[in-house]
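Visitor: only geometry, no sequence info:
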């Protein structure tokens with residue numbers, strides 16, 4: 001497998017949440033702390049959508065077209081790929097808590113996590129949002145809710161609460177997350193965004209240490225790749241054959257020359273098709 005190569009200029013202060021989908025013509029991500037959604041086309045052109053929110057926490061395609069976006073204290077919906085999102089009602093009122101990363105389950109439900117600005121331990125939650133907008137708390141006492149993705153058979157889910165310093169795994173029983181337990185520790189890194197490929201291997205961005213790590217379903221380390229920046233935030237698989245690995249980076253904690261650019265490499269095992277929000 002090749003080493004990650006930089007494929008864009010520095011395009012974000014805090015690049016996060018990459019996802020590839022044909023409906024918007026390539027890779028999409030957020031510049032989280034700028035409240036902006038970025039789209040990288042196949043030609044390398046970058047376009048921006050202002051969400052109207054202080055925070056753009058995530059973006060995912062919708063089953064009916066358009067997309068869902070994470071805003072500061074809730075979500076917004078757009079009916080077309082490049083329209084700005086319309087906010088739904090706020091999910092909480094505490095100004096110290098904001099939305100962070102998300103994941104979609106095999107049934108099209110959105111799991112969206114929150115985190116406190118001041119990093120108060122346990123002040124965030126992981127929410128499950130249904131197609132009709134109803135939501136419930138899937139997990140209490142979260143500090144920095146980050147990557148979440150599901151195994152191809154839908155029987156396991158992997159999750160990073162970055163403050164714990166490790167990746168956890170759940171069993172999925174009747175569509176619910178149960179039996180949370182440690183999957184692998186971060187060896188001093190801060191596990192951030194993650195993605196699960198078509199063979200159930202777990203790709204994990206290791207923030208603060210500038211690495212991407214690949215685990216087998218049995219938690220064996222299959223590979224580890226270093227980047228020239230410490231702020232490695234998230235990783236996804238996409239492209240026409242789902243074998244393109246895209247990695248986002250940030251200048252939030254280390255203002256380095258290449259931080260805020262997107263990096264890319266190829267892999268032999270394809271990712272899973274991008275899931276869509278049923279709402």
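Guide: Yep, it's here. Because the structure is predicted, anything quoted here is derived from the model rather than measured.

Visitor: Can you give me the distance of residue 99 to residue 79?
Guide: 21 Å (CB to CB, to the nearest Å). Where you see a C-beta, it was placed from the backbone N, CA and C, and this is true even at glycine.

Visitor: and these two? which has more neighbours close in?
Guide: More crowded of residue 99 and residue 79, by other CB atoms under 10 Å: residue 99, with 28 against 12.

Visitor: what kind of secondary structure is that one in?
Guide: Following DSSP: H, G, I helix; E, B strand; the rest coil, the label given to residue 99 is strand.

Visitor: Report the beta-bridge partners for it.
Guide: For residue 99, the beta-bridge partners are residue 114 (DSSP bridges).

Visitor: and it, what does it touch?
Guide: Residues in contact with residue 99, defined by CB atoms under 8 Å, 6 or more residues apart in numbering, are 55, 57, 58, 70, 71, 72, 73, 74, 75, 112, 113, 114.

Visitor: For residue 23, see how far away it is.
Guide: Counting by CB to CB, the separation of residue 99 from residue 23 is 22 Å.

Visitor: out of the contacts of residue 99, which are inside strands?
Guide: Residues from these lying in strands, with DSSP state E as the criterion: 58, 70, 71, 74, 75, 112, 113, 114.

Visitor: Name the next helix or strand following the longest strand belonging to the chain along the chain.
Guide: Criterion DSSP E: the longest strand present in the chain is strand 176-185. Counting by DSSP states H and E, the element after strand 176-185 in chain order, helix or strand, is strand 190-196.

Visitor: show me where the stretch 151-279 of the chain has strands.
Guide: 156-161, 166-173, 176-185, 190-196, 202-207, 211-215, 221-226, 232-238, 244-249, 262-266 (DSSP state E, counting those that start in this stretch).

Visitor: Put together a markdown table for the ones you listed, with distance to residue 13 and mean neighbour count on each row.
Guide: Below are those laid out as a markdown table (distance: least, CB to CB, whole Å; neighbours: other CB atoms under 10 Å):
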| stretch | distance to residue 13 | mean neighbour count |
| --- | --- | --- |
| strand 156-161 | 21 | 25 |
| strand 166-173 | 26 | 18 |
| strand 176-185 | 29 | 14 |
| strand 190-196 | 16 | 26 |
| strand 202-207 | 15 | 28 |
| strand 211-215 | 20 | 22 |
| strand 221-226 | 22 | 14 |
| strand 232-238 | 11 | 27 |
| strand 244-249 | 10 | 26 |
| strand 262-266 | 13 | 18 |
